[in-house]
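*Asks:* what follows is a predicted protein model with its sequence.
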Amino acid sequence: MGKKENESINEIFENKFYCARTFTEEIEQIVLKNKGMKYVDAIVFFCEKNNVEVESVPKLVSKPLKEKLKCEAMELNLLKRTSHAKLPL
């Protein structure tokens with residue numbers, strides 16, 4: 001198999017299957033493009049747009065994205081606040 005064929009196969013896999021890194025990048029891009037959109041909403045939007053089941057998302061969520069979701073949930077009073085201080089951003 002030639003180098004070009006190998007590169008095109010890798011592109012197909014990257015476009016078809018998501019890893020935690022690419023999923024996080026996609027979610028970050030959605031949040032940046034849509035000012036005011038919450039991370040939870042961005043994940044649901046991504047799933048609807050790409051025909052991905054929401055149940056398959058937890059294994060794709062990276063640690064930094066989990067922290068952002070956790071902070072967002074605490075701001076929305078969906079999670080109990082922790083004793084960790086949060087700096088205003």
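*Replies:* Structure's in. What do you need?
*Asks:* where does pLDDT dip in the protein?
*Replies:* Per-residue confidence for the chain (pLDDT under 70) gives these ranges: 1-17, 83-89.
*Asks:* so which residues of it form helices?
*Replies:* 3-16, 20-33, 39-50, 63-75 (DSSP state H).
*Asks:* can I get these in a markdown table with mean neighbour count and distance to R81?
*Replies:* Quick note: C-beta positions are derived from backbone N, CA and C, even for glycine. Below are the helices of the chain laid out as a markdown table (neighbours: other CB atoms under 10 Å; distance: least, CB to CB, whole Å):
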| stretch | mean neighbour count | distance to R81 |
| --- | --- | --- |
| helix 3-16 | 10 | 38 |
| helix 20-33 | 15 | 22 |
| helix 39-50 | 15 | 17 |
| helix 63-75 | 14 | 5 |
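*Asks:* okay if I get the ones you listed as CSV plus distance to S56?
*Replies:* Below are the helices of the chain laid out as CSV (distance: least, CB to CB, whole Å):
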stretch, distance to S56
helix 3-16, 14
helix 20-33, 10
helix 39-50, 8
helix 63-75, 15
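*Asks:* right, so of these, which gets closest to V57?
*Replies:* helix 39-50 (6.0 Å; CB to CB).
*Asks:* pull the closest one out as CSV, backbone CA atoms only.
*Replies:* The C-alpha trace of helix 39-50 is given here as CSV (Å, rounded to 0.1, in the frame of the first residue of the first chain):
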residue,chain,number,x,y,z
TYR,A,39,-21.4,22.6,26.6
VAL,A,40,-24.3,20.3,27.2
ASP,A,41,-26.3,21.9,24.4
ALA,A,42,-23.2,21.7,22.1
ILE,A,43,-22.9,17.9,22.8
VAL,A,44,-26.6,17.3,22.0
PHE,A,45,-26.3,19.5,18.9
PHE,A,46,-23.2,17.5,17.8
CYS,A,47,-25.0,14.2,18.3
GLU,A,48,-28.0,15.3,16.3
LYS,A,49,-25.9,16.7,13.5
ASN,A,50,-23.7,13.6,13.2
